[in-house]
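Visitor: Sequence below, structure please.
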Amino acid sequence: MMSESDPANGTASSPRLALPIDLGPPLVLTHLPNANEAAHTPGKAAVNHMQSPALVPVVSSGPAEGVPLFHVDSSVHARTLPPALPGTPPIARKLVVDERAAGEYSGAAAGFTAPPLATHWFYQHPSGGWVPFSATDNAALDRGLVEHTQDVVTDGGRYNVQLAPRLRVPAYWDLAPTPVVRAAWLVRHLEVVRPLPEEYAAIIEAEFQKGCLLGQWHRLVALPNGDSAMLRTENLFAYYEKGHPTEPQGLRRGFTDEIEAGEPTAAVYDHLVLVLSGPVPLAPLLADLGYIGAGSLEGSIIDYVDCLRDQTSSMIKTHFTIGGASKSTGNVEILPVVWDVPAEVDLRKTASRLLLPSIGKLRGFLTDSYLELSDYLCNTQAVINAASAAITRVLATWRARQPSFNSPISFVGHGIGGCILFDLLAHQAPTLPRGSSTSIQTPLSNSVVDSDDEAETIIEPEQTVAALLAGLGLEECLAALEAEKVDLAALRQCSEADLKELGISMGHRKKIAAAVQGLNSALSESAQRKAAQQQARSERRLERRRAAAEAAEHAAQQAQNDLALHQSVQRPALVYPRIDAHVHCLFLLGCPLGLITTLQAHALLGPDFTLPTCDDVYNIFHPYDPMAYRLEPCIDPDLPGDPAPVLVPHHQGRKRIHLELGGYLREASKDLGHEVAYWAGSAWASLSSALRDKVGIALPAPAPPEPDKPVEVDQDVIVGKINGGRRVDYVLQENPLEIINENLFALGAHATYWMSEDTALFMAARLYRVA
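Guide: Numbering: from 1, shown residues only. From the prediction side, this is the model:
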């Protein structure tokens, strides 16, 4: 089947990412076929594994208005390719055109001017598919190609593209580079397209230009890998893979689809958020992340974080307004921390051989959970070292690439990753005040030596009567003042009458008096500045002593906690590396920290427990997440009323419909109970009155109904000091469909945070301190 592409048609909105649905290498989605096209779509064609697959993001469920679709020519559906020219080898290394049937199909007249070729840059996804660069990055790459730039920064600074070898290199992660192609001709098969290698596209483009010049079409172009392209007319092309001459695929000249603008390369960020997952690397199904045509292909934590970054950016744009006087840019960079446990403690290969073939998804989830718990509890030192080294590497790279960044840094811990981050931050030394790094506390003297005890003082410039008069141009008055032994101190006390007695003229007296008045004001201001400096130095010295005392107290308390921990779980002492950052917020997503803390040592947490280098902690979980546990009971077991976790607001400013309906039913039930109690009380009083009138015996008065308990506002509950007394546990609102069967949606609940608008909005509000 042959397909045609009309470059004059409008553009379509392209998806984020599309992946293959074939068993072979992944291809790239451009759009979904229409009904007429689907009726003629052939079966799946075999994929040449020597080629690179491709993928394109998809945003709509069908073709947008004006999308150039590939139409089917039913007259050639059963037509086979004409035989190759005599003597032509199976894999030709040069252009081979079938000239025998060149006049069989008439195209444009000779001398037809071909439309400009619209190229676009693509990169290969680690799963094997191809993704188009954003419009911003595409323009930067074209500009770099013209200017012969070696490296071009793309994806908001997360990747560098090396133009000479055509490689896309990650900036923050130690991963293998992936290929890059400047696509001119693309192959479409079913719902996906893939860019042809640049050398193949050049061969086809040269023959296309030749056909336009001569007006001769139905040209068969043989490619070096054994595939071939058929240029039927100036708008109708087909592509044949080697070994499949009767299964044509669509061939498209140029890429004109509408692509998202993308991120600016030199963006200024308000916040940096680092995401840490557990020891077992996350391998999400790309289809679960909204990638159409992905089949069973798996991604990585990078794909998860890409979704979270996009959701957060979208929520900031739609829910926040930056004021005119604000210095905020609304940009939040979210980076994954890619790491793995050392090979000597990795049990994944052995565990994978033990799995039974049944209920694979459930067994896989349980196995990953067991392995994460085993790695963290049994190889804690190795896990802590590997995670902290990865965090330090990302922070160092970020500071090197963003030297002017001086904004807050936050962390997100998913699953066991949250336990690792909490453990690391719990064993950090308290952050000393800015500028106090030179303070040294000696264990013998218990004193603080300040490097600025001899801070610079305000030195008054040396001033004499001669210098003062010289500055005024009144040197002739110096003799009269020296004759009376008038120095600078005496001159400051002289009035204008005193100067007149010395025989100084009125004009000179006025100048000297004004100069003396200015000198007195300057010396007074100097004295005030000196006093303020002394006061500030005393306050800094007192603050350093206080910080040093708090650090010593924390170290002693930490040593006591570590001893209790080590004695409770019988494990050797651990060494916790230092994280060079003061943490603004720690977000725990689906984290079993409450259970891990209880298993290790319950005494570690309490109402007075705080993270020394972290301001706020938020434990966010889906109500059906099997990995999630509450944290507030570990902080304060005696919370009054055992308050329920705080409900995370819906991003559209309301509760979901089933929660609103449940609240309505509860209120209706309460009102009905009040009505029944009222009528029952009236009936009881009437019966009692009738009995008293007839037999003289009244019924005992019923017990008065208990007054309604005031509804407690969960947000007002004070939960220790770890979060400044504010709530720690927050629960997401489940979807209405999920209430049908909790067990059915439990396995997927652990991965819902990455695509949740509610989670993204909650995080953005806490980062910007918005209630």
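Visitor: Now do the strands in the stretch 651-771 of the chain.
Guide: With DSSP state E, counting those that start in this stretch as the criterion, the stretch 651-771 of the chain has strands at 729-731.
Visitor: Low-confidence stretches in it?
Guide: Within the stretch 651-771 of the chain, the segments meeting pLDDT under 70 span 654-681, 684, 687, 691, 693, 696-716, 738-740, 771.
Visitor: What ranges does it have for its helices?
Guide: Taking DSSP state H, counting those that start in this stretch as the test, the helices found in the stretch 651-771 of the chain are 657-695, 742-749, 757-767.
Visitor: Excluding its own residues, what touches the last one? List them.
Guide: Where contact means C-beta atoms under 8 Å, 6 or more residues apart in numbering, the residues beyond helix 757-767 that reach it are 270-271, 273, 308, 311-312, 314-316, 319-320, 332, 408, 410, 412, 584-585, 587, 589, 616, 618, 620, 648-651, 730, 732-733, 753, 770-771. Every C-beta, even on glycine, is put in place using the N, C-alpha and C of the backbone.
Visitor: Show the buried residues in these.
Guide: Buried by 16 or more other C-beta atoms under 10 Å: 270-271, 273, 308, 311-312, 315-316, 319, 332, 408, 410, 412, 584-585, 587, 589, 616, 618, 620, 648, 651, 730, 732-733, 753, out of the contacts of helix 757-767.
Visitor: in terms of contact, does Glu333 touch Tyr172 like I think?
Guide: No. Using C-beta atoms under 8 Å as the test, Glu333 is too far from Tyr172 to be in contact (10.3 Å).
Visitor: which residues in the stretch 201-350 of the chain form helices?
Guide: Assigned by DSSP H, counting those that start in this stretch, the stretch 201-350 of the chain shows helices spanning 301-319, 348-352.
Visitor: By residue count, tell me the biggest helix in the chain.
Guide: Counting residues, the longest helix found in the chain (DSSP state H) is helix 506-569.
Visitor: same for that helix, what does it pack against?
Guide: strand 440-441, strand 448-449, helix 465-472, helix 488-493, helix 496-501, helix 593-600 (3 or more C-beta pairs under 8 Å, 6 or more residues apart in numbering; DSSP states H and E).
Visitor: Out of those, which is the most enclosed?
Guide: Counting by mean count of other C-beta atoms under 10 Å, helix 593-600 has the highest mean neighbour count of those, with a mean of 19.
Visitor: Show me what the next helix-or-strand element following that helix pairs with in its sheet, parallel or antiparallel.
Guide: Sequence order places strand 614-621 as the next helix or strand after helix 593-600, per DSSP states H and E. Applying DSSP bridges, strand 614-621 is found paired with strand 583-589 (parallel), strand 729-731 (parallel).
Visitor: Turn those into a markdown table, including distance to Ala746.
Guide: A markdown table is the format used below for the strands paired with strand 614-621 (distance: least, C-beta to C-beta, whole Å):
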| stretch | distance to Ala746 |
| --- | --- |
| strand 583-589 | 16 |
| strand 729-731 | 15 |
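Visitor: And those strands: which comes nearest Pro126?
Guide: Closest to Pro126 of these is strand 583-589 (C-beta to C-beta; 23.3 Å).
Visitor: Dump that closest one to PDB, keeping only the CA atoms.
Guide: C-alpha atoms of strand 583-589 as PDB (Å, rounded to 0.1, in the frame of the first residue of the first chain):
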ATOM      1  CA  VAL A 583      16.700  21.600  52.500                       C
ATOM      2  CA  HIS A 584      13.600  23.700  52.100                       C
ATOM      3  CA  CYS A 585      11.000  20.900  51.900                       C
ATOM      4  CA  LEU A 586      11.100  17.100  52.000                       C
ATOM      5  CA  PHE A 587       8.200  15.500  50.200                       C
ATOM      6  CA  LEU A 588       7.700  11.800  50.900                       C
ATOM      7  CA  LEU A 589       5.600  10.100  48.200                       C
END
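Visitor: So for stretch 607-619, what gets flagged as buried?
Guide: Going by neighbour count (16+ other C-beta under 10 Å), the buried part of stretch 607-619 is 609-614, 616-619.
Visitor: can you check stretch 574-592 too?
Guide: Result for stretch 574-592 [16+ other C-beta under 10 Å]: buried residues 576, 579, 581, 583-592.
Visitor: what do you get for stretch 191-203?
Guide: For stretch 191-203, a neighbour-count test (16+ other C-beta under 10 Å) marks 191-197, 200-201, 203 as buried.
Visitor: Repeat that for stretch 155-167.
Guide: Using 16+ other C-beta under 10 Å as the test for burial, stretch 155-167 gives 155-161, 163, 166-167.
Visitor: Stretch 499-509 too?
Guide: 499, 504, 508-509.
Visitor: Give me the contact list for that stretch.
Guide: With contact meaning C-beta under 8 Å, 6+ apart, stretch 499-509 is reached by 474, 477, 480-481, 484, 486, 496, 512-513.
Visitor: Now for those residues: which two are most distant?
Guide: Largest pairwise distance in those, by C-beta to C-beta, is 16.7 Å, between Glu484 and Ala513.
Visitor: Looking at those two, which one has more neighbours?
Guide: The residue with more neighbours, out of Glu484 and Ala513, is Ala513; 14 against 11, by other C-beta atoms under 10 Å.
Visitor: from what I can see the more buried one touches Asp498, true?
Guide: No. Assessed by C-beta under 8 Å, Ala513 is found out of contact with Asp498, at 10.2 Å.
Visitor: Now, the buried residues of stretch 191-203 that are in strands?
Guide: 192-195 (DSSP state E).
Visitor: Return the member of those nearest to Glu234.
Guide: Glu234 lies nearest to Val193 out of those, by C-beta to C-beta, at 19.9 Å.
Visitor: export the contacts of stretch 499-509 to TSV and tack on distance to Cys212?
Guide: Formatted as TSV, these follow (distance: C-beta to C-beta, whole Å):
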residue	distance to Cys212
Leu474	93
Cys477	98
Ala480	103
Leu481	101
Glu484	107
Val486	102
Glu496	100
Ile512	95
Ala513	95
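Visitor: any chance of the residues you listed in a markdown table, plus distance to Ala389 and pLDDT?
Guide: As requested, the contacts of stretch 499-509 are exported to a markdown table (distance: C-beta to C-beta, whole Å; pLDDT from 0 to 100):
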| residue | distance to Ala389 | pLDDT |
| --- | --- | --- |
| Leu474 | 73 | 79 |
| Cys477 | 76 | 79 |
| Ala480 | 79 | 77 |
| Leu481 | 75 | 75 |
| Glu484 | 79 | 72 |
| Val486 | 74 | 75 |
| Glu496 | 77 | 74 |
| Ile512 | 72 | 81 |
| Ala513 | 72 | 80 |
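Visitor: Give me the average confidence score over stretch 289-297.
Guide: Mean per-residue pLDDT for stretch 289-297: 69.
Visitor: that older thread, nearest to Asn741 among the ones in strands among the buried residues of stretch 191-203?
Guide: Among these, Val192 lies closest to Asn741 (C-beta to C-beta), at 33.7 Å.
Visitor: Return the set of residues that bridge with that closest one.
Guide: Leu29, His189.
Visitor: ok, it to His120 distance?
Guide: Separation of Val192 from His120 (C-beta to C-beta, to the nearest Å) stands at 16 Å.
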